[in-house]
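J.: Take this sequence and fold it.
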Amino acid sequence: MNSSEMNSSENSGQIKSSLQPSAVASSSGGWASRSGATAIVMAAGKGTRMKSELPKVLFPVLGRPMIHWVLDALERVGIERILVVVGYRHEDVRRELEGRKGVEFVLQEQQLGTGHAVQMCVPSLASEPQSENRPVLIVAGDSPLVQSSSLSELLEAFVQGAYSCLLGTLVKEDPQGLGRIVRDANGRFERIVEQKDASAQEALLKEVNMSTYIFKQSRLVWALDRLGNNNAQGEYYLTDCPALLLNQGDPVDALAALKDCESLSINTIDELARVEDKMKEIGYRCES
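T.: Down below sits the predicted model:
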């Protein structure tokens, strides 16, 4: 494991799940390279709460724009094709990443939700021959603490389980503000419920959605084509895709493979400082 990564956490056994975390793929990038996985990085947002005109993913973390740490993690698991969804000040993001190998850009001109962002990637996904059965890994560009060991574990479980969708989740002692993972009596994934919509019992759940997904490409495209925007924001939500697939009888589940540090995303300057402190604590090197 790279020295910039956190040691394995004690997620295993904290929830009743049909899946259990397994050993990470023995060779770096084994599962990603063998399966031909593609990654989508969500990087279109402005980051209004950062109180700056700089695109959010270009804010420096330990001396580097935060998105570089995400791309590093994807490269370490052997993903050779990365679609970066850009929007706000997309020219700046393109310039920053123009030297990165395997990176392609997808423009989301209107920010109409996470589902819409991935819909913009469909033509690029389809451009690859015989790609229908390949895994598509989706991660956030504002999560520099994403761990390649977690991604390897998820890819291994996805390939071995022949899933249409596998969510990467986290067991968090304080799940305040995060969407909860609801499971059935057998421990299988049932749905995601946002905190504002959760019942009193659901609010006690500690397994949370962290916007990390792997889809079988053909089934992702199928679900994206059926997304609606009948909600208060009028947006298309990627979180609706697992339920659409599950309702069709597709194999869908969630695996609590993410480490505690991966719960630290960046929405404010204070959160950025906390992420930098955690990265220093667990061995990331400052690039400044």
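J.: okay, CA-based contacts and neighbour counts for the rest of this
T.: Will do.
J.: all strands of this protein, in order?
T.: Counting by DSSP state E, residue ranges of the strands within the chain are 38-43, 60-61, 64-65, 81-86, 103-107, 135-140, 165-171, 180-183, 189-193, 207-216, 252-255.
J.: Same list as before, the ones you listed that is, but in CSV and with mean pLDDT, mean neighbour count and distance to residue 233 included.
T.: Conversion of these to CSV gives the following (pLDDT from 0 to 100; neighbours: other CA atoms under 10 Å; distance: least, CA to CA, whole Å):
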stretch, mean pLDDT, mean neighbour count, distance to residue 233
strand 38-43, 98, 25, 19
strand 60-61, 96, 19, 30
strand 64-65, 96, 17, 30
strand 81-86, 98, 23, 20
strand 103-107, 98, 19, 21
strand 135-140, 98, 24, 20
strand 165-171, 97, 26, 24
strand 180-183, 95, 22, 20
strand 189-193, 92, 20, 17
strand 207-216, 96, 23, 18
strand 252-255, 97, 26, 26
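J.: Nearest to residue 51, out of those?
T.: Distances from residue 51 to each of the strands of the chain were compared using CA to CA; the minimum, 14.3 Å, belongs to strand 60-61.
J.: Show me what that closest one is packed against.
T.: Other elements packing on strand 60-61 under the criterion 3 or more CA pairs under 8 Å, 6 or more residues apart in numbering; DSSP states H and E are helix 269-281.
J.: As a markdown table, the strands of the chain with distance to residue 148 would be great.
T.: Listed next are the strands of the chain as a markdown table, based on distance: least, CA to CA, whole Å:
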| stretch | distance to residue 148 |
| --- | --- |
| strand 38-43 | 13 |
| strand 60-61 | 18 |
| strand 64-65 | 18 |
| strand 81-86 | 15 |
| strand 103-107 | 17 |
| strand 135-140 | 12 |
| strand 165-171 | 12 |
| strand 180-183 | 22 |
| strand 189-193 | 23 |
| strand 207-216 | 12 |
| strand 252-255 | 15 |
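J.: Which of those strands sits closest to residue 277?
T.: Distances from residue 277 to each of those were compared using CA to CA; the shortest belongs to strand 60-61, at 10.0 Å.
J.: contacting residues around residue 104?
T.: By CA atoms under 8 Å, 6 or more residues apart in numbering, the contact set of residue 104 is 81, 82, 83, 84.
J.: This structure: helices as residue ranges?
T.: 30-35, 66-76, 90-97, 114-119, 122-126, 148-161, 217-224, 240-247, 269-281 (DSSP state H).
J.: In a markdown table, list the ones you listed along with mean pLDDT and mean neighbour count.
T.: Listed next are these as a markdown table, based on pLDDT from 0 to 100; neighbours: other CA atoms under 10 Å:
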| stretch | mean pLDDT | mean neighbour count |
| --- | --- | --- |
| helix 30-35 | 66 | 19 |
| helix 66-76 | 97 | 22 |
| helix 90-97 | 98 | 16 |
| helix 114-119 | 97 | 21 |
| helix 122-126 | 97 | 15 |
| helix 148-161 | 95 | 23 |
| helix 217-224 | 98 | 20 |
| helix 240-247 | 95 | 19 |
| helix 269-281 | 95 | 16 |
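J.: To residue 191, which of these lies closest?
T.: The closest approach between residue 191 and any of these, judged by CA to CA, belongs to helix 240-247 at 6.2 Å.
J.: so how far is residue 247 from the residue nearest to residue 251 when sequence neighbours are not counted?
T.: Spatial nearest neighbour of residue 251, excluding adjacent residues (CA to CA, 6 or more residues apart in numbering): residue 163 at 5.1 Å. Using CA to CA, to the nearest Å, residue 163 is found at 14 Å from residue 247.
J.: contacting residues around stretch 83-95?
T.: Residues outside stretch 83-95 that contact it (CA under 8 Å, 6+ apart) are 38-46, 55, 57-58, 103-111, 117-118, 121.
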